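Participant: This is a predicted model, with the sequence first.
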Amino acid sequence: MNAMSDKPDPRSVLVEKIRSGAVPLEPPLKVWGGPGRGGSCDGCDQQIRLSQIEYEIILPKDRFLHLHIACFGLWEGIRRRRGLTP
């Protein structure tokens, strides 16, 4: 939990989703970045505001991830530390 609110820390949420397999670590087919569209981040479950950067990660089997820039950085860092190639 975040000390400033009742919301869980976004980093902790993403790490737990990766651990449980809810957010896959497989190599992306494509990665797009652009302005947020107001949807929910698949990593931390918080809104990606219009003023924020959103990454759309295209995965095999027609799956997609939508992540904040910070969640994308964490996701990619975990992938690389585990020896997974970009």
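Facilitator: Alright, I've got the coordinates. Numbers count the residues shown, from 1 in each chain.
Participant: list the buried ones in the helix or strand harbouring residue 15?
Facilitator: Using DSSP states H and E, residue 15 sits within helix 10-20. Under the neighbour-count criterion of 16 or more other Cβ atoms under 10 Å, helix 10-20 has 10, 13, 14, 15, 17, 18 buried. Bear in mind the C-beta positions are built from the backbone N, C-alpha and C, glycine included.
Participant: who's in contact with the closest residue to residue 49 other than its chain neighbours?
Facilitator: The shortest distance from residue 49 to any non-neighbouring residue, by Cβ to Cβ, 6 or more residues apart in numbering, is to residue 36 (5.2 Å). The contact partners of residue 36, by Cβ atoms under 8 Å, 6 or more residues apart in numbering, come to 47, 48, 49, 50, 51, 52, 53, 54.
Participant: Do a quick rundown of the helices in the chain.
Facilitator: For the chain, applying DSSP state H gives helices covering 10-20, 69-81.
Participant: Now do the first one, average pLDDT.
Facilitator: Along helix 10-20, the predicted local confidence has a mean pLDDT of 92.
Participant: what does stretch 39-46 give?
Facilitator: 96.
Participant: Check stretch 53-71 too.
Facilitator: Per-residue scores along stretch 53-71 average to 96.
Participant: Would you mark the buried spots in that stretch?
Facilitator: 54, 55, 56, 57, 65, 66, 67, 68, 70, 71.
Participant: Out of those residues, which is nearest to residue 28?
Facilitator: residue 57 (4.6 Å; Cβ to Cβ).
Participant: which ones are touching that closest one?
Facilitator: Residue 57 neighbours (Cβ under 8 Å, 6+ apart): 28, 30, 31, 64, 65, 66, 67, 72, 75.
Participant: Could you rerun that using 10 Å?
Facilitator: By Cβ atoms under 10 Å, 6 or more residues apart in numbering, residue 57 lies in contact with 23-24, 26-33, 42, 63-67, 72, 75-76.
Participant: before we move on, what about residue 82?
Facilitator: Residue 82 touches 18, 25, counting by Cβ under 10 Å, 6+ apart.
Participant: how far off helix 69-81 does the helix holding residue 15 point, in degrees?
Facilitator: Going by axes from the mean of the first three to the mean of the last three Cα atoms, to 10 degrees, helix 10-20 is angled at 40 degrees with respect to helix 69-81.
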